[in-house]
Structures are given as C-alpha cells and as structure tokens.
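Participant: my questions are about this predicted structure, shown below with the sequence.
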Amino acid sequence: MQSPLGKMKYALAFLFVLLAANFLMAQTVREGAGVNRAPDGAGHGTHEVAPSNNAQAGPIGFTVNTGNGINYNGGPVMKGTVNAYIIWYGNWNGTGSNTAATRSAIETFLGTIGGSALELVNTTYGDNTGNVSGAVHFGGSTIVSATQNLTDARVQTQVNNAITSGRLPRDTNGVYFVLSSSNINETSGFCTRYCGWHTRATLGGSDIKYSFVGNVDRCPSGCEIQTTGPNSAAVGQGGIDGMANTMSHELEEAISDPDLNAWFDSSGQENGDKCNFNFGATSTCNANGLCTASGTSAAAKYNQTFGGHNYMLQQNWRNSGGGACAQHL
Ligand SMILES: [Zn+2]
C-alpha cells in the first residue's frame, strides 16, 4: 500500500526504542524518513518476555482469543464503560495550541471516541471474565496552573493530588491523563524518547491507571504526523491532533493492558505500539467539511470521523483474523 503521506515524505516507519525504566509503556517518537518500520524491543524492561507458544493458553469461555500476533499474559483488561479524566497541567490559557479551545476540543474527543470504529477494535481484547466494551465516557477534568517541568514521579503526584483533593473521583475503571502544555517538559524523555506513556500505580489502596501526554507542538517533528491537522485552529498548530493521536494510542493500551500484565507481544509491544504512527488509508480535509478552516487550507489528512469531527489517529492492533493494524473491525 502506498504510504498515505508519501507526498510529504513522511515514512510510516518508526524505530522502537522502548522506555526501560519505571514500568511505563510509551508511545515512541517518530524516526526520520526512510527507516523501515522496525520494532525493537531491546532494552524494554517493562514486561517479562511472554512465552512464544502460548497461543493455546487457556481461554475460559471465549473472551481470550490468541494466535493473532499478540499474547495474553493473564492480567485483567478494563471492562464496561471506561472513564477518561484529564489533568490539564502547565499553562492552558496560553498561546499557540495551549488554549481553552484545545481543552474543549480534546474533551470533546475523549467524550466521543467511545463506540467509534477505532475504539471497537479494542473489543477484540478480553480476559477470563469478559471483553473490552469499546465504551468510553469523559469523566471530567481539572486544571493545574504550573511552570515546573514534570518528572515521572510528579506525573503520579498530579494524579494522586487530583484524587485526594476530590477534584477528580477515585476510579479504578478510569484512565487519568496528565496533559502538559507545550512549555512544559517531562524530563524522562518527552519528545526525545516518547510522545506519551501509560502506567499504573497503587494510590491510596486503589489500582489507578494513568497516562502522560504532552502537547506535541513542543516537538512536531518527533510526535506529529502533520504540523497542521484536521482540528488545528491555525496553520502549524498541530498539537491538538497530535495529542489526540497519542491519547488514542495510550487509551487503547491502558484499556487492553491496564496493569501491564495482560496484552502485549513477545517483544513487549502493546496493541498501540504494534501500530505506532501507522495510520492506514487517509482522506484529505474538505472531503466532508468537518475540518477547521486551517486544516482544510493545509489539506490535512484524516482517517477517523466521529462526534462531528475528523481525526488523524493511528490504527490499533486487531486481535482477530490473524491480527493486523486496523481502523475498524
Ligand atoms: Zn504504546
């Protein structure tokens, strides 16, 4: 298949240098054009290597389907409606894409991705008591005005603070996104090693799943497939679409591998990792009139439509039919 963005000389090809520390699962940055897609699990210390022959590992009922290029490692998936929360960290009343308009658009995105064609790909994952539902509910957000850079520990602290203060509910069926404005760094490797990551921690006795995603307008070349996206408020402000892409990657992984012991392949790659920055077939803004004026003028690409918006979201690994990156079931 022709690279959907071949004219832009973007390769759908990314080297996987996975984060070894701190039990994080990360969406790695894009690599330069011309690199073949080359997953590299070297240095990945997050997971024990899964047995290569567990394709027959005991499904109870029919909720654990194996033999599709990704392995079940015994842990739970998130079932029922998954609640997504946001902690807006940094300065989200700022310039560029660090704006209230971006906050609103991202919250709309999270509030409508449930049941979308892309989200339903995740329903091919299950555990011994049930399958992922594909339902996602936006559960609320809180704003933390700050100038301090983040560390892995500070990301966790932001989640814990939001819960213990009551600004967000304590929810073991939730995914808490810490979204930083583009002036904020996450010093363990945002923009250099990853675009986002997800993990879990026991906070106040609860198994809390959370994710860091930075505003990728900090590093368009590393974390954006296009510098102007279908939802850009201005040409060159691709952060909103880039963040949505990274968030969908982390959301699918958090749901299918919430405790980092459920679904990943023998290289340690979760479903999102197996399709990192792999978008599949795309359309061009103007086709259905749902892009912003800037997205349309820049002929931005998109491959998903839901909630009245176009999005450019990487595919997800489909755990059926032998397995493949898929935009829909
Ligand atoms: Zn990932």
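Facilitator: Great, that's in hand. Keep in mind it's a predicted model, so treat the numbers as computed, not measured.

Participant: just the C-alphas of the one helix or strand residue 296 maps to, formatted as CSV.
Facilitator: Per DSSP states H and E: residue 296 is located in helix 293-297. C-alpha atoms of helix 293-297 as CSV (Å, rounded to 0.1, in the frame of the first residue of the first chain):
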residue,chain,number,x,y,z
ALA,A,293,-10.5,26.3,8.0
SER,A,294,-6.8,25.9,8.7
GLY,A,295,-7.0,22.1,8.4
THR,A,296,-8.8,22.5,5.1
SER,A,297,-6.4,25.1,3.7
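
Participant: quick check: mean pLDDT of that helix?
Facilitator: For helix 293-297, the mean pLDDT works out to 97.

Participant: distance from the chain centre to the following helix or strand past that helix, please.
Facilitator: In the C-terminal direction, the helix or strand that comes right after helix 293-297 (DSSP H and E) is strand 301-302. Strand 301-302 has its C-alpha centroid displaced from the chain centroid by 17 Å (C-alpha atoms, centre = their mean, to the nearest Å).

Participant: run through who's touching whichever helix or strand comes after strand 301-302.
Facilitator: Per DSSP H and E, the first helix or strand lying C-terminal to strand 301-302 is strand 304-306. By C-beta atoms under 8 Å, 6 or more residues apart in numbering, the residues outside strand 304-306 that reach it are 112-113, 115-118, 288, 290, 310-313, 327. (Each C-beta comes from the backbone N, C-alpha and C, glycine too.)

Participant: okay but residue 135 is in contact with residue 84, surely?
Facilitator: No: contact criterion C-beta atoms under 8 Å: residue 135 and residue 84 do not qualify, at 10.9 Å.

Participant: who has more neighbours out of the two?
Facilitator: Taking other C-beta atoms under 10 Å, residue 135 and residue 84 do not tie; residue 84 has more neighbours (26 against 15).

Participant: now do the strand or helix carrying that one, average pLDDT.
Facilitator: Following DSSP H and E, one finds residue 84 within strand 80-90. Across strand 80-90, the average pLDDT comes to 98.

Participant: which parts of the stretch 1-150 of the chain sit against the ion?
Facilitator: Remark: the part of the stretch 1-150 of the chain in contact with the ion comprises residue 27, using C-beta under 5 Å from the ion.

Participant: buried sites along the helix holding residue 296?
Facilitator: Judged by neighbour count using 16 or more other C-beta atoms under 10 Å, the buried positions of helix 293-297 are 294-296.

Participant: cool, stretch 183-190 as well?
Facilitator: The neighbour-count check on stretch 183-190 (16+ other C-beta under 10 Å) flags 183-186, 188-190 as buried.

Participant: again with stretch 300-314
Facilitator: For stretch 300-314, the neighbour count (16+ other C-beta under 10 Å) marks 300-307, 309-314 as buried.

Participant: any residue of that stretch up close to the ion?
Facilitator: No: counting by C-beta under 5 Å from the ion, the ion has no neighbours in stretch 300-314; the shortest distance is 9.8 Å.

Participant: residue in the stretch 101-250 of the chain nearest to the ion?
Facilitator: Closest residue of the stretch 101-250 of the chain to the ion, C-beta to the ion: residue 249 (5.5 Å).

Participant: for the helix holding residue 296, give me every contacting residue.
Facilitator: Contact with helix 293-297 is made by 228-235, 237, 285-286, 310, as judged by C-beta under 8 Å, 6+ apart.

Participant: residue 182 against residue 96, yeah?
Facilitator: Yes: look at residue 182 against residue 96 with C-beta under 8 Å: they come within range, at 6.4 Å.
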